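Engineer: Predicted structure and sequence below. I'll ask about it afterward.
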Amino acid sequence: MKTLIIANPRSGDFSEEHIKLIKDKFASSEIFYTNTKGDAEELALKANADVIFSCGGDGTFNEVANGILRSDKKRVLVYCPMGTGKDYGRSIGIGSWEELYSALRDFNVADLDAVLLEGPGVIRYFVNAFDIGVGPRISAFLESHKRMGQTAIKVGLFLMLLRVKRFYANVSCDGKKSGSRTIELIAGNGRYLGGGIKVAPLSYLNDGLLDIYIINPYGPLSTIQKVRTIYDGSYIEKGYGKHLVCSEAILDAGTVDFEIDGELYRGTKLKLLVKKASLRVLVNRKKAEALSATI
C-alpha cells in the first residue's frame, strides 16, 4: 500500500512529531510540504498513492479532497487533526490524535458525500460546510489573527455577533422555491463549523442529501442570547431557524462573501449539487456522529 503525506506547516496545530510517527508506521510514505494555496490540490491530483494523509486544517483537507475528486481515482483520504477548528474531524470521529490512531488500527473506510458548488468564476467541491453571513466574517477574522489560536474563534464569534447583519436569501431546494430574511445560511454536509459550533445538527455525511439551515433574522442582542442553542445545535428544534433537505439547491442572496470549508470566496447565484459516496475517507465509527448507521 503506497501512502502520501501532504502537510501544511502553517496549520494551527501543526505537529512534525506526529508526521514522523505516521511516516514510521507507513514505511512507503512520501512527505510533501505545501508552500502556497493550491499546492495540496495539485499534489493530490497527480499522486500515485493508495492512501493520502491530509495533515493540515480543514482548508488543506478541502484542497486534497478536490484533487482526489478531480482525478476520478478512488483513494483513501485520511484526516489529520492539525487545524485550529478540526470541524470535519469532529463529524468523522477524528478530532484528536488518539482518535486518529484508533481509526488507523481499525482502518474503517466509508464512502462519503461531497458537494459540487458552481457559480460565476468558481467551480469547487466542499466536504464539510458552506455558509453565508456571520461565518465568512469570522473566518476572515481568524485568518488575520492566527497567532491567537482557539481564542481567536471565541473572540471572532463575539465580535461578529455584535455586528450581525440581516440579508435576504432566495433558496430553490430540489425545485421548491422559498425566500427568507436571515443572518446566517448554512449548507451542511458535516455538522460542525467555526471550531465546534454544531450549526448543522441533522446532517449526515453519507445520506446523499444536502441540509440547509437558515437562522432567523435576530438582532445582535437576541442572537447573543441564543448563541448557546446555535453552539449545541438545538436552535432548530427550538424554532430559531429553518431546516431544508434536498439533493440540489440554488442559492441567491445577491453578491456575497461565502465560505466553503474555511476558504473565502465571493459570488452570486450558486448551485449546490450532492455527489453521493464520491469520496473514500478513513473514519472512526466508534466516535463518528455524522454517519448514518443504516447506510
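Structural biologist: That came through fine.
Engineer: From the centroid of this protein, which residue is nearest?
Structural biologist: Nearest to the geometric centre of the chain sits Asn128, at 2.7 Å (C-alpha atoms, centre = their mean).
Engineer: Could you pull up the residues touching that residue?
Structural biologist: 58, 62, 87-88, 91, 188-190, 192-193, 261 (C-beta atoms under 8 Å, 6 or more residues apart in numbering). All C-beta atoms are positioned from the backbone trio N, CA, C, and that covers glycine.
Engineer: residue ranges of the helices in the stretch 101-250 of the chain, please?
Structural biologist: With DSSP state H, counting those that start in this stretch, the ranges of helices along the stretch 101-250 of the chain come out as 134-144, 150-162, 220-231.
Engineer: follow-up on the earlier one: which among the contacts of Asn128 gets closest to Val227?
Structural biologist: Using C-beta to C-beta, Leu193 comes nearest to Val227 of these, at 13.4 Å.
Engineer: low-scoring pLDDT stretches of this protein, where are they?
Structural biologist: Scanning the chain for pLDDT under 70 picks out 28, 140-150, 152-154, 156-157, 160, 293-295.
Engineer: mind checking the longest strand of it?
Structural biologist: Scanning the chain for the strand with the most residues, using DSSP state E, yields strand 270-283.
Engineer: Give me the helices and strands touching that one, please.
Structural biologist: helix 58-71, strand 76-81, helix 87-92, helix 97-106, strand 108-119, strand 248-252 (3 or more C-beta pairs under 8 Å, 6 or more residues apart in numbering; DSSP states H and E).
Engineer: related to what we said a few turns ago, from the contacts of Asn128, which single one is nearest Ile214?
Structural biologist: Closest to Ile214, out of all of the contacts of Asn128 and judged by C-beta to C-beta, is Gly188, at 11.6 Å.
Engineer: Ile214 is in contact with that closest one, correct?
Structural biologist: No - in this structure, Gly188 is not within contact of Ile214 by C-beta atoms under 8 Å, at 11.6 Å.
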